[in-house]
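S.K.: Could you look at this predicted model? Sequence included:
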Amino acid sequence: MGAQALQFVAAGLTAGSIYALVALGFSIVFNASKVINFAQGEFVMIGGMAAASLSAAGAPLAVALPLAIVVAAAIGLLLEKLTIERAGRADVTTLIIITIGASIFLRGIAQLVWGKGIRSLPPLTGDRPIELGGVTILPQSLWVLGATLVIVAALSWFFGRTRLGHAMLATSHNRLAAQLVGIDVRLVLFASFGLAAALGAIAGVLIAPIAFTSYDAGVMLGLKGFAAAILGGLGNFHAAIVGGLVLGLLESLGAGFVSSAYKDAISFVVILAVLFVRPDGLLGVLRSERV
Amino acid sequence: MRISLCPRALRNAALAGAALLALPVFAADEPLRIGAFLSVTGPAAFLGDPEQKTLEMAVDRINASGGVAGRKLVLVVYDDAGDAEKARTFAKRLLEQDKVDVIVGGSTTGTTMAAIPLAEQSGTPFVSLAGAVGIVEPVKKWVFKTPHTDRMACEKIFADMQSRKMTKLALISGTGGFDKSMRGECLKVAPKYAIEVVADESYGAADTDMTAQLTKIKAATGVQAVLNAGFGQGPAIVTKNYRQLGLTPVLYQSHGVASKEFIRLAGDAAEGVRLPAAALLVAELLGDGDAQKPVVVAYKRDYEARYKADVSAFGGHAYDGLMLAVDALKRAGSTDRAKLRDAIEATRGYVGTGGVVNMSAADHLGLDLTAFQMLEVRKGNWVVVR
């Protein structure tokens, strides 16, 4: 029983880390623009598919993975430049609709470029399971967990110590004030899309060896990441991580102890429950609007 | 006496003769109009894509060799992207605008079910390419299908379990239409083979990890075999997770993953997996006396030469569907829908990629369990278990 529960936890943490990385992408873009970027899931797909096709073409993983992440980030930057920036002062709803359109467009392009088949990516360090006290985990799961930790550390440094990070934080708190003290909020928005796309792509290359990837793999992972971001509290980095991990654990433990039939339903019930009970998420601070 | 023909006379005679010979073609019996709605894109693309390619290839070949009994074939294909609502719209368009004589299509059970009422109302023969037994059971006047049913797959697996003296089965299935239908059929026929289902788990279509469900199966007592009903990447993930957790019971997959892609995705984890599949997959491994061998070998050779891709059983279903219609046209000698329907129902001993088809008024599928081969993955390839 104990080992069984631990097995569920191991699976939950792996999936949760991926959700957390996707959720971080949602939060970063939300902070810069108050826009929910529904194309976030597509970057997960682009990362995974680009890495899989590079690897299949013979590139070693040490080249394929970074290159795939760079490709996704470049597409993220282009997306911002060509659509969001051009929309100018359009309101948030319009921008959100643009991101939905972009996600459909990217999925269509991916289908044309990479075809409709399912792709696999070799794991970073073999797929011989590791056994620890009755729990078996794949080496790739450790990579997922480790990479998530490194990224969290890197992001804390980025937002705590660099000028661009400070500028992003300032913009998220008050866009107008940030603009008044001389922060280029357009540059912040531009960088946010690149960073969010890169985070999504990292999630994509990490999960592909475990769960495969295909041109439409981004849809569900994007939704799960969105659910995680809502669960933690949109726009808060720690909340995104916590939201991702909690969601992964809920799903896995729910499937293990309650019923596997409702595994996917859990994320959507979570979104609804959070929006009803704590609209600002688990770690959110209730904001009140002054009139 | 010498008969001499000047060159001009000779040429005229030749022309007249050719015109006479060609007359039946020029008299242009109406072409046979074949409509297809297939899931060429979307989650069931791995079904619809080879189906579309197969239909185009076979229609081109038949037309190039002069058509069927002097009639050309006209193929109209729409992509329903696996969406039942779109399938219904396209089926309607095929019937009302394109005025097809026969429909060969419906890649998934969902899309097929959406189009059945339309085919029935309009009185158009409809040969479905989808798996579920519910398509032809109860028998619908105008509806036929070519693929084995999920019930036959269950029975083939259970017969294999029986021969290995296994009685305790754990089920793990996806939540898609195919998966749910097969799970239901397996639960229904299990008692017939004295098989007890001791665990019954499910997973979502886009799930990335099934270790939670498999851990539960591992904890269930006495499991001798695990059956995974599903298609797409799900069964490949199940197979990988299965080895990761070190489960030892025999793992059976369904005919839904009967393509090389499954072995490629699951890699080493696929070793030892058993599944029921059509003869097409193991064309070269069939005995020389096998009636299906020439058909499947020829189809496989043509398909692989034209598309540079591995054949799958699904393209074979489309081939069978088209050839059933063509065979019926030969016997009916008319594109009249009612006559075509009667001719399809009267099909006897037609050898297709899916098996030997013997239709009757009570059986609009016409296959028996011999149509399935039990395969096992060994060293990254299929081996027929006898």
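M.R.: Perfect, I can see it now.

S.K.: Which residue ranges of chain B form helices?
M.R.: Assigned helices in chain B, in chain order: B:7-26, B:45-64, B:84-96, B:109-122, B:150-163, B:177-189, B:211-219, B:234-244, B:260-266, B:293-307, B:313-332, B:337-345 (criterion: DSSP state H).

S.K.: a markdown table for these, including mean neighbour count and mean pLDDT?
M.R.: All C-beta atoms are positioned from the backbone trio N, CA, C, and that covers glycine. Converted to a markdown table, these look like this (neighbours: other CB atoms under 10 Å in any protein chain shown; pLDDT from 0 to 100):
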| stretch | mean neighbour count | mean pLDDT |
| --- | --- | --- |
| helix B:7-26 | 10 | 51 |
| helix B:45-64 | 22 | 94 |
| helix B:84-96 | 20 | 95 |
| helix B:109-122 | 21 | 94 |
| helix B:150-163 | 22 | 92 |
| helix B:177-189 | 21 | 89 |
| helix B:211-219 | 24 | 90 |
| helix B:234-244 | 26 | 92 |
| helix B:260-266 | 20 | 88 |
| helix B:293-307 | 17 | 93 |
| helix B:313-332 | 24 | 93 |
| helix B:337-345 | 19 | 94 |
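
S.K.: Tell me the residues of chain A that contact chain B?
M.R.: Near chain B, the residues belonging to chain A are A:4, A:7-8, A:10-12, A:14-15, A:18, A:111, A:116-118, A:120, A:127, A:129, A:131, A:136-138, A:207, A:210-212, A:214, A:216-217, A:219-221, A:252-253, A:255-256, A:260-261, A:263-264 when assessed by CB under 8 Å from any CB of the partner chain.

S.K.: ok, whichever residue of the stretch 1-150 of chain A sits closest to chain B to residue A:59 distance?
M.R.: Distances between the stretch 1-150 of chain A and chain B by CB to the nearest CB are smallest at residue A:116, namely 3.9 Å. Between residue A:116 and residue A:59 the computed distance is 23 Å (CB to CB, to the nearest Å).

S.K.: Between those two, which is the more surrounded one?
M.R.: Between residue A:116 and residue A:59, counting by other CB atoms under 10 Å in any protein chain shown, residue A:116 is the more crowded of the two (19 against 15).

S.K.: How about the contacts made by the residue nearest to that one when sequence neighbours are not counted?
M.R.: Nearest residue to residue A:116 in three dimensions, chain neighbours excluded: residue B:45, at 3.9 Å (CB to CB, 6 or more residues apart in numbering or on different chains). Neighbouring residues of residue B:45 by CB atoms under 8 Å, 6 or more residues apart in numbering or on different chains: A:116, B:39, B:82.

S.K.: residues contacting the last one?
M.R.: What it means is residue B:82. Counted by CB under 8 Å, 6+ apart, residue B:82 has contacts B:39, B:41, B:42, B:43, B:44, B:45, B:48, B:107, B:108, B:110, B:111.

S.K.: Now do the residue nearest to residue A:116 against residue A:42, distance only.
M.R.: For residue B:45, the distance to residue A:42 (CB to CB) stands at 18 Å.

S.K.: and if you look at residue A:66?
M.R.: The gap separating residue A:66 from residue A:42 is 19 Å, by CB to CB.

S.K.: residues from chain B in reach of chain A?
M.R.: Counting by CB under 8 Å from any CB, chain B comes close to chain A at B:41-43, B:45-46, B:49, B:175, B:201-209, B:211-213, B:215-216, B:219, B:232-233, B:236-237, B:240, B:243-246, B:261, B:264-265, B:267-269.

S.K.: show me what contacts the most centrally placed residue in chain A?
M.R.: With distances taken as CA atoms, centre = their mean, residue A:22 lies nearest the centre of chain A, 0.8 Å away. Residue A:22 makes contacts with A:40-41, A:44, A:199-200, A:203, A:221-222, A:224-226, A:228-229, A:244, as judged by CB under 8 Å, 6+ apart.

S.K.: how many other residues sit next to the residue nearest to residue A:261 when sequence neighbours are not counted?
M.R.: Sequence neighbours aside, residue B:202 is the residue nearest to residue A:261 in space, at 5.0 Å (criterion: CB to CB, 6+ apart). Counted with other CB under 10 Å, the neighbours of residue B:202 add up to 23.

S.K.: Now do the same contact list for residue B:202.
M.R.: Contacts for residue B:202 (CB under 8 Å, 6+ apart) come out as A:260, A:261, B:172, B:173, B:174, B:175, B:179, B:183, B:213.

S.K.: 7 Å instead?
M.R.: Counting by CB atoms under 7 Å, 6 or more residues apart in numbering or on different chains, residue B:202 touches A:260, A:261, B:173, B:174, B:175.

S.K.: hang on, residue A:72 packs against residue A:195?
M.R.: No: Residue A:72 lies out of contact with residue A:195 (CB atoms under 7 Å); the separation is 11.1 Å.

S.K.: So which of these two has more stuff around it?
M.R.: Under the criterion of other CB under 10 Å, the comparison of residue A:72 against residue A:195 puts residue A:72 first, with 30 against 23.

S.K.: Now name the helix or strand holding the more buried one.
M.R.: Residue A:72 is part of helix A:61-79, with elements assigned from DSSP states H and E.

S.K.: Who are the packing partners of that helix?
M.R.: Other helices and strands packing on helix A:61-79, by 3 or more CB pairs under 7 Å, 6 or more residues apart in numbering or on different chains; DSSP states H and E, are helix A:40-56, helix A:185-211.

S.K.: Return the most buried member of those.
M.R.: helix A:40-56 (a mean of 28; mean count of other CB atoms under 10 Å in any protein chain shown).

S.K.: could you dump that helix to PDB, C-alpha only?
M.R.: The C-alpha atoms that make up helix A:40-56 are tabulated as PDB, following Å, rounded to 0.1, in the frame of the first residue of the first chain:
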ATOM      1  CA  GLN A  40       1.300  28.100 -25.000                       C
ATOM      2  CA  GLY A  41       0.500  24.400 -25.400                       C
ATOM      3  CA  GLU A  42       1.700  24.600 -29.100                       C
ATOM      4  CA  PHE A  43       5.200  25.500 -27.900                       C
ATOM      5  CA  VAL A  44       5.300  22.300 -25.900                       C
ATOM      6  CA  MET A  45       4.400  20.500 -29.100                       C
ATOM      7  CA  ILE A  46       6.900  22.500 -31.200                       C
ATOM      8  CA  GLY A  47       9.700  21.700 -28.700                       C
ATOM      9  CA  GLY A  48       8.900  18.000 -28.700                       C
ATOM     10  CA  MET A  49       8.300  17.700 -32.400                       C
ATOM     11  CA  ALA A  50      11.400  19.700 -33.400                       C
ATOM     12  CA  ALA A  51      13.600  17.700 -31.100                       C
ATOM     13  CA  ALA A  52      12.100  14.400 -32.300                       C
ATOM     14  CA  SER A  53      12.600  15.200 -36.000                       C
ATOM     15  CA  LEU A  54      16.100  16.600 -35.400                       C
ATOM     16  CA  SER A  55      17.000  13.500 -33.400                       C
ATOM     17  CA  ALA A  56      15.500  11.200 -36.100                       C
END
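
S.K.: what angle sits between it and helix A:185-211?
M.R.: Computed by axes from the mean of the first three to the mean of the last three CA atoms, to 10 degrees, the angle separating helix A:40-56 from helix A:185-211 equals 60 degrees.

S.K.: and the gap between the residue nearest to the centre of chain A and residue B:325?
M.R.: Relative to residue B:325, and taking CB to CB, residue A:22 is found at 47 Å.

S.K.: Residue A:44 is in contact with residue A:204, isn't it?
M.R.: Yes: if you go by CB under 7 Å, residue A:44 and residue A:204 touch, sitting 4.0 Å apart.
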